[in-house]
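[1] no sequence on this one, just coordinates:
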């Protein structure tokens, strides 16, 4: 049996957004043809992020939560404690995957993970992410540079979804957002992380290898968004 493509898994714990974002950029810019792929898994401190095409009018009432304009695709979303964020830093050319297939495989890994808790989820045509009924439970925002991916997946496990009411999530006014905990799922991300990582490994044919967290440069904290 093929053991899979070696892939380092780095658990960063709970981190502010910008230092991790900058570290992803540095990793992607510096990697070569033989650089092993990595999966970074973490939770973020509360933050709203606007993608490259993000419209500021979708940020309704940010209040004391910072707003960052970042270089991923997609519109505005919220990150906060209780949400699993996974950043696949993969060479999809080496894996012989197109961008659409890459996105579908991430979505399928989330769908398979939710099925472990008997939560039935699906993807939706034209609206990347994973949905339970009409409510979004996982958002995708990716960037591909020279065939290498960064940014990734935000999966609501056991989080306060209240801040989503301060934005039009992913650019959709009134879009419902749900967390696994709301659906009878676990009370924290620790039970879900290994299941999700295993599902991602299956989708991409990866052999996961634990590794220490990356070095994060000190970045000044973002200023609160003006009301």
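    Arrived safely, thanks for sending. Just so it is clear, the structure is predicted and the values come from calculations on it, not from any experiment.

[2] I'd say residue 176 and residue 136 touch.
    Yes. Under the criterion of Cβ atoms under 8 Å, residue 176 makes contact with residue 136 at 6.9 Å. C-beta coordinates here come from the backbone N, C-alpha and C atoms, glycine included.

[3] Those two - which one has more neighbours?
    Remark: of residue 176 and residue 136, residue 136 carries more neighbours, 24 against 15, as counted by other Cβ atoms under 10 Å.

[4] elements contacting the helix or strand harbouring that one?
    Element membership for residue 136 (DSSP states H and E) is strand 135-145. Using 3 or more Cβ pairs under 8 Å, 6 or more residues apart in numbering; DSSP states H and E, the elements in contact with strand 135-145 are helix 99-115, strand 130-132, strand 148-156.

[5] Deepest-packed of these, please.
    strand 148-156 (a mean of 25; mean count of other Cβ atoms under 10 Å).

[6] State the next helix or strand along the chain beyond it.
    Downstream of strand 148-156, the next assigned helix or strand under DSSP H and E is helix 193-204.

[7] And that following helix, what does it pack against?
    strand 5-15, strand 37-44, strand 83-89, helix 99-115, strand 206-211.

[8] returning to what we had before: which one of the helices and strands packed on strand 135-145 lies nearest to residue 201?
    Of all the helices and strands packed on strand 135-145, it is helix 99-115 that lies closest to residue 201, at 8.6 Å by Cβ to Cβ.

[9] how far off helix 193-204 does the closest one point, in degrees?
    Orientation note: helix 99-115 sits at an angle of 140 degrees relative to helix 193-204 (axes from the mean of the first three to the mean of the last three Cα atoms, to 10 degrees).

[10] for stretch 144-154, the distance to its chain's centre please.
    With Cα atoms, centre = their mean, to the nearest Å as the basis, stretch 144-154 stands 10 Å off its chain's centre.

[11] Can you pull up the most central residue in the chain?
    Centroid check for the chain by Cα atoms, centre = their mean gives residue 153 as the closest residue, at 2.0 Å.

[12] OK, contacts around that residue?
    Taking Cβ atoms under 8 Å, 6 or more residues apart in numbering, we find residue 153 in contact with 84-88, 106, 110, 138-140.

[13] Most neighbours out of these, which is it?
    Going by other Cβ under 10 Å, residue 138 tops those with 30 neighbours.

[14] any idea how far stretch 81-93 is from the chain center?
    For stretch 81-93 - counting by Cα atoms, centre = their mean - the centre lies 5 Å from the chain centre.

[15] Between the two ends of that stretch, what distance do you get?
    With Cα to Cα, to the nearest Å as the measure, stretch 81-93 spans 33 Å from end to end.

[16] likewise stretch 176-186?
    Using Cα to Cα, one end of stretch 176-186 lies 20 Å from the other.

[17] Near the nearest residue to residue 176 once chain neighbours are set aside, how many residues? Count them for me, please.
    Among residues not flanking residue 176 along the chain, residue 135 sits closest, at 3.9 Å (Cβ to Cβ, 6 or more residues apart in numbering). Residues near residue 135, counting by other Cβ under 10 Å, number 16.

[18] what do you get for residue 79?
    Residue 79 sits with 22 neighbouring residues when counted by other Cβ under 10 Å.

[19] how close does it sit to residue 48?
    8 Å (Cβ to Cβ, to the nearest Å).
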